[in-house]
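**Q** Provide a 3D model corresponding to the input given below.
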Amino acid sequence: MSASHDTFLSALSTLCKDQIQQAGHRYTPGLDPQAPNLEIESLLTAIENVACGTGARKRFESALNAFSEAWDHAKHCSQRPSEIQQRVDEAQTFLSPMMDRLRMRDAGAGEEWSKILSGIESDLFADRDHWRAEEAKLEPTSQADGFSSTHNDFRANMHAIRQCLAIVQAEKEYIQSPAFKVLFDPNLLISGEWGTGKTHLVCDFTQGRIGCSLVTVLVLAKNFQGNVVAKICSRIGAKLTAVNVFDRLAELAKKTGERAVVIVDGVNEGNRSEWKKAVTTLQALVADRPNIGLIITCRTPFEPIAIKQQNLEKFHKVTHLGFDDQEFDAQAAFFQYYKLPLPEVPLLDREFSRPLTLKLICQSLQSLSGRKLAQGFAGIASGQKGMTFVLESFVNSVGKPIEHEYGLRTKGCWGLLKGSDQIADRKVAGFAPCMAENLRGYVLRSEADRIIAAHYPDLRPAQRRNLLEVLRTNGLIEEDAVWYSTRSGAKPRIVFRLPYQRFSDHLIARHLLKTHLDVSSAATIKHSFTGNSPLAHVFRMSNQYDRDYAEPGLAQALITEFPERVKKRLPPKQRELFFVLPQRAQKLGAYFGPFIEGLFWRNPAAFTEGTRIVINQYLNTDSEVWEQIVDALVAISTKPRHPYHARRLYNFLARYSMPARDLQWSEYLRRRYASPTIHRLMAWAEKLNAANMTQRSATELVVLLSLVLTTVVRSDRDLATKALVLIGEKFPGVLFSHVVTSLEFNDPYVPERMLAAAYGTTLSLLDSEAAPTFRPLLGDLAETLYLKMFGPGACNATHHTLMRDYALGIIEIAQRVSCVALPQNANCNLAAPFPNALSPFTSDGTPDPTVKEAIDRAIQMDFDNYTIGSLIPNRDNYDDEHPDFIQVRARIERRIYDLGYRSEQFNFVDEEIGRLSWNAPDHKKVDRYGKKYSWIAYYEMWGEREAEKKLPDWSLGERTPDCGVDPSFPKRPPPWTPPIPDLFGDKSVATEAWVGGSYTPDWHPLLVVPEINGQQGEWVLIEGHVRGIDERHD
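**A** Predicted structure coming up:
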């Protein structure tokens, strides 16, 4: 590379490093390389694809490698292996020329890639259909213990084909994404709300590229004014024009094998008219230079304001959502970096997925220690006041150098935002008082100038403008746009808001309440919300349908703040603002949004009798409102000392019948979009570390997690069970106490897994260091389980085989270590026929057409034949006329009916689950509700027939093979390659001779192995399956 090229590349690197440095607190790794730095894969793929280089190629290679690995397992069962292999080879060969063509903006290369994938997909579909047809032809077998080997082979073949199909279909879906399209049309727009990490993302990407000497230009839009493109180019080379610079960028890019990338961060933060022109110019400069790509970031909702519409349409857009999918990883990384212990309860509100929110919290708490730190955590978890403390700490921290530079008072920035009581005119007393007086969540530029002038009259107009700009660029105020009508149409007006609108609304609300709420008496309080008062204006209806208040953001803050403001001046019912509003404003539909938005941030003491009445009214409306209220209640149920704790939610849901709860609560759990809080809880549970958890928090989390056990989503049910075991290992008494409570729950899915968690905890702690304190707790649990499940008059006795076996396992272990003393005749009650357990089956075994019609297809073919069929001795597969089978099936049908399942209620949901889940692997499977009820009846029937010794001989004394989960949750062992012998012998002989020779591998080294992964044996092979294929000698 020539000296001039080196100089040019050095200038680019200097510019980028300077811009990264100026990003300041928005890119903490630029200030400290050890700062938290989580990658968001989908966004990283999109920006790497703009360069169309090594990163993009690696992604294609990864997909091809994944397919090749899956294809190696599926090839033997394909009906067209040569055709598919030819297409795979074609894809491998096409990759290099495709990358070159994409880099030259040849969209046809992407279309050819899609055609190759479609061809592979079509052949795989044909293979899948072939094996489905073959499976359908299978004759009934005479084996009573499950699928025939042929049936299993067919299913294994279909699974292998599906694995290949899943990779191809994911790649085809990728082709339709913006991330793929920028490979041949490198114009990328990254949008997102304030604080989600857009600047962090592009700085991180730039840092990596300049470290590899790749051609990159990064500019922060706020740093350039005037003819910004010319200014940027002059920073690179004093005498270079824009055309010169972009020609050099393109020339250098050719030498690196990937595009040069020009990045403009925060185009909304620069001068509007100047940057609109600049984006037009940049797109034109990039358009005829295939080796240059363009990335722009812009904060929502500024895209149509900061970029001309015709330019906006040329971008492929991706949205930055912060740490939405990895928020708990992010929380752990941030708290660890700032040397703070993790909160003992999960922070479940979406606000905590924003990188800047996490940073703000950590910086605010970093200066605290001991009791104050604990109070800080409690404040974050418990409500609005704690977060206001965080906001004030942030403003004071960031504002300190600004105050020094402009000669402001100590905490002068916070004073500008919050307002000063020393200034009589509330419209200039501060940003928040001005917003309160004008009943809007923003101030105009002119109003902001007057506020600064009232606080600091010695500042000249130019200084005030500069101070306002510094407040904006440091994140102490946010720039936004509001639209207003003119004769020529809607136009935007730039305004300023306080950071974190949720919290700024509360500052405004406090000013409104302080100024306009007369708390002298109940009558004056109600009068404050009538007539033309500002408080009344907030709650006026914005439309004729009575659906929204005029100022819903302020309404939310006022609803949240009101109970604390009036305290005991009103009776408990009327401390909920709804009951104080005039009759015309008491509209549940309009009140709902502001009310539910504020629940998480409401002080626990502000939940009154009136709050309960409002919540109950919403719980009795439609299912969508029910789900939103319940989601909000879940979010607050883990908070310490909260009146709406998890046990309260448990008791509420326990009163439902099982089918009614499944149709509402279990459906809420299943649908991710309906239950974002639960799925944040599940993400947290996956990373659970109980080390810093307190007993109070553990108590709430155990109860909440037990409610997840009703779900038909297998992975969530397993994860909740595992989390219960992990909590139980630290707080076994907490877990055991709720296990006993759960025995009364009217959905067997809950006590079954609670008992599983108790058994898993027992296995973990029995011989641990905690054994001396654990064993008395175990003894108490064992005695209670005996009395409630097995002893005379046991109120929770059951034949449910899983529940019974977990309970028996706990009691047996307790007896073995002599920590429980049971009555002398206990052993008779703890063994078959379990005399104190009554049958849950009300049918005499006569098929009932009414029942069959009511439950319809709850029991489906495989479950009917193989699962229920396994209960019957001496029955052939598909022998539906076997007398015992008919009777057992009729009794199970009636039990499903008695549990409450009705096809007419569940049919729509079950059909949806069937469509979405039929092809899913077991660990991602979602069961139909018909199958849930079938499983419960099956486990009860297995237990009853086992007690009566009516199971087939092979299963007597054995656990059901469908035992659900290993409650000890052992860690997955490391990979191990067994000593496979030579499977083929002499390959040089003819095929006929090889077959006739009856070659037998030497299996002895595999039957007994001296060590596995360093663990000395001998290890004896119990079961295994070996398949060998050598296609070279077919």
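**Q** least trustworthy helix or strand in the protein by mean pLDDT?
**A** Within the chain, no helix or strand scores below helix 28-31, which has a mean of 56 by mean pLDDT, DSSP states H and E.
**Q** Kindly export the helix or strand just after that one (C-alpha atoms) in CSV.
**A** Using DSSP states H and E, the next helix or strand after helix 28-31 towards the C-terminus is helix 41-51. Output of helix 41-51 as CSV, limited to C-alpha atoms (Å, rounded to 0.1, in the frame of the first residue of the first chain):
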residue,chain,number,x,y,z
GLU,A,41,-26.4,-10.6,16.9
SER,A,42,-29.2,-9.5,14.6
LEU,A,43,-28.1,-5.9,14.5
LEU,A,44,-24.4,-6.9,14.1
THR,A,45,-25.3,-9.1,11.1
ALA,A,46,-27.1,-6.1,9.4
ILE,A,47,-24.2,-3.7,9.8
GLU,A,48,-21.5,-6.2,8.9
ASN,A,49,-23.5,-7.0,5.7
VAL,A,50,-23.2,-3.4,4.6
ALA,A,51,-19.5,-4.1,4.3
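**Q** My guess is His5 contacts Leu249. True?
**A** No: look at His5 against Leu249 with CB atoms under 8 Å: they stay out of range, at 11.1 Å. The way it works is simple: take the backbone N, C-alpha and C, and place the C-beta from them, glycine included.
**Q** of the two, who's got more company?
**A** Leu249 (24 against 14; other CB atoms under 10 Å).
**Q** For that one, pull up the helix or strand it's in.
**A** Take DSSP H and E as the rule and Leu249 turns out to sit in helix 242-256.
**Q** now Pro492
**A** Counting by DSSP H and E, the element that carries Pro492 is strand 489-497.
**Q** quick one: Glu403 is in a helix?
**A** Yes: judged by DSSP: H, G, I helix; E, B strand; the rest coil, Glu403 forms part of a helix.
**Q** ok, and the closest non-adjacent residue to it?
**A** Once flanking residues are discounted, Glu403 sits nearest to Gly412: 4.8 Å by CB to CB, 6 or more residues apart in numbering.
**Q** show me the contacts for the one you found.
**A** Counting by CB atoms under 8 Å, 6 or more residues apart in numbering, Gly412 touches Gly399, Glu403, His455, Tyr456.
**Q** Ranking by neighbours, what's the top pick from those?
**A** Within those, most neighbours by other CB under 10 Å means Gly399, with 23 neighbours.
**Q** Tell me where the stretch 901-1034 of the chain has strands.
**A** 1008-1012, 1015-1020 (DSSP state E, counting those that start in this stretch).
**Q** Could you dump the ones you listed into JSON lines and include mean pLDDT and mean neighbour count?
**A** Output for the strands of the stretch 901-1034 of the chain, formatted as JSON lines (pLDDT from 0 to 100; neighbours: other CB atoms under 10 Å):
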{"stretch": "strand 1008-1012", "mean pLDDT": "92", "mean neighbour count": "12"}
{"stretch": "strand 1015-1020", "mean pLDDT": "90", "mean neighbour count": "10"}
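**Q** tell me the contacts of Pro1005?
**A** Listed by CB under 8 Å, 6+ apart, the contact set of Pro1005 reads Pro979, Pro981.
**Q** quick one: it and Glu1018, what's the gap?
**A** Pro1005 sits 12 Å away from Glu1018 when distances are taken as CB to CB, to the nearest Å.
**Q** Gly733 now?
**A** Distance from Gly733 to Glu1018, by CB to CB: 42 Å.
**Q** thinking again about what came up before, got the angle for the helix or strand immediately after the helix holding Leu249 in the chain vs helix 242-256?
**A** Past helix 242-256, further along toward the C-terminus, the next helix or strand under DSSP H and E is strand 260-265. Angle between the axes of strand 260-265 and helix 242-256 is 120 degrees (criterion: axes from the mean of the first three to the mean of the last three CA atoms, to 10 degrees).
**Q** If we go by neighbour counts, what in whatever helix or strand comes next after strand 260-265 is buried?
**A** Scanning forward in sequence from strand 260-265 by DSSP H and E, the next helix or strand is helix 272-287. For helix 272-287, a neighbour-count test (16 or more other CB atoms under 10 Å) marks Arg272, Glu274, Trp275, Lys276, Ala278, Val279, Thr280, Thr281, Leu282, Gln283, Leu285, Val286 as buried.
**Q** Ok, stretch 211-220 next?
**A** Leu214, Val215, Thr216, Val217, Leu218, Val219, Leu220.
**Q** Output these in JSON lines; the columns should cover pLDDT.
**A** As requested, the buried residues of stretch 211-220 are exported to JSON lines (pLDDT from 0 to 100):
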{"residue": "Leu214", "pLDDT": "93"}
{"residue": "Val215", "pLDDT": "93"}
{"residue": "Thr216", "pLDDT": "95"}
{"residue": "Val217", "pLDDT": "96"}
{"residue": "Leu218", "pLDDT": "96"}
{"residue": "Val219", "pLDDT": "94"}
{"residue": "Leu220", "pLDDT": "91"}
